[in-house]
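In: Fold the following for me, if possible:
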Amino acid sequence: MDEKALVAAAQHGELPAFNQLVLQYQSLAYNVAFRITGDADAATDATQDAFLKAYQALRGYRGGSFKAWLLRIVTNSCYDVLRARKRRRTTSLDDLAVAPEHAWQMVSHDEGPEEQALRRELAQVIQAGIAMLPPDQRTAVILSDIQGLSYQDIAEVMGCSLGTVKSRLSRGRARLRDILLQQQELLPSRYRLKGTASK
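Out: Numbering: from 1, shown residues only. So this is what the prediction gives:
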């Protein structure tokens, strides 16, 4: 059964069809939630909450990209989780531990152990930098640069205009670059700017 048929069946109350949609999108939903919240437990809560809300709102789904519709619910659930946190954490890149299963999967079969270690180290520092972005910029960067969504789909997910998506993405990328430049000592040596004074 294709996605449209699954959605239509789920809209008519067929729980097995909705369960198939959950299986199809749970990994993507959790990955986005983890990157937005920066916390495995919060990502699990946000993902479960999002699927529950999606099931309850499914009759109101009127077509278009189901993936974008679902990811909008996921990102809103993540924002709810972030708002619910009583105190705002100020996290240094040193303090943020990123689980290996969430590191970017830029795998090359020609990589040796050293290259793999460097790639994982760089992915951890980048994820830590992403976690320091404001939520709207973080979401735009994650959806575009990690998940590969089009600007149109991101606009639908975030409930904003194309211009706002481009602005958030531009500011998020610039801010991430600045964060990484300020934390160069945490980057693998080959990614540091040349000519910086070493201590």
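
In: I'd like to know which elements the helix or strand of the chain with the lowest mean pLDDT is packed against.
Out: In the chain, no helix or strand scores lower on mean pLDDT, DSSP states H and E than helix 113-131, which sits at a mean of 78. Secondary-structure packing of helix 113-131 (3 or more Cβ pairs under 8 Å, 6 or more residues apart in numbering; DSSP states H and E): helix 15-37, helix 135-141, helix 162-182. (C-beta placed from N, C-alpha, C; glycine too.)

In: Packing partners of the helix or strand just after the longest one?
Out: Toward the C-terminal end, the helix or strand that comes next after helix 15-37 (DSSP states H and E) is helix 40-57. Applying 3+ Cβ pairs under 8 Å, 6+ apart, one finds that helix 40-57 makes contact with helix 15-37, helix 66-84.

In: Report the rounded mean pLDDT for the last one.
Out: Averaged across helix 66-84, pLDDT comes to 92.

In: just how off-centre is that helix within its chain?
Out: Centroid separation for helix 66-84 versus its chain: 10 Å, with Cα atoms, centre = their mean, to the nearest Å.

In: Please find the angle between the direction vectors of that helix and helix 15-37.
Out: Counting by axes from the mean of the first three to the mean of the last three Cα atoms, to 10 degrees, helix 66-84 lies at 50 degrees to helix 15-37.

In: change the start of the numbering to 12 and stick with it
Out: Right, with 12 as the first residue, what we last looked at is helix 77-95.

In: Go through helix 77-95 and flag the buried ones.
Out: For helix 77-95, a neighbour-count test (16 or more other Cβ atoms under 10 Å) marks 77-90, 92-93 as buried.

In: How about the contacts made by the residue nearest the centre of the chain?
Out: The residue lying closest to the centre of the chain (Cα atoms, centre = their mean) is residue 43, at 3.1 Å. Counting by Cβ atoms under 8 Å, 6 or more residues apart in numbering, residue 43 touches 82, 85-86, 89, 153-154, 158.

In: How much space separates it from residue 70?
Out: In this structure, residue 43 and residue 70 are 24 Å apart, going by Cβ to Cβ, to the nearest Å.

In: Would you mind splitting the chain into its domains for me?
Out: Partitioning the chain according to automatic domain parsing yields domains covering residues 12-97, 104-198.

In: picking that back up, wait, which of the helices and strands packed on helix 51-68 is closest to residue 142?
Out: helix 26-48 (7.9 Å; Cβ to Cβ).

In: I'd like the distance from the closest one to the chain centre, please.
Out: Distance, stretch centre to chain centre, for helix 26-48: 12 Å (Cα atoms, centre = their mean).
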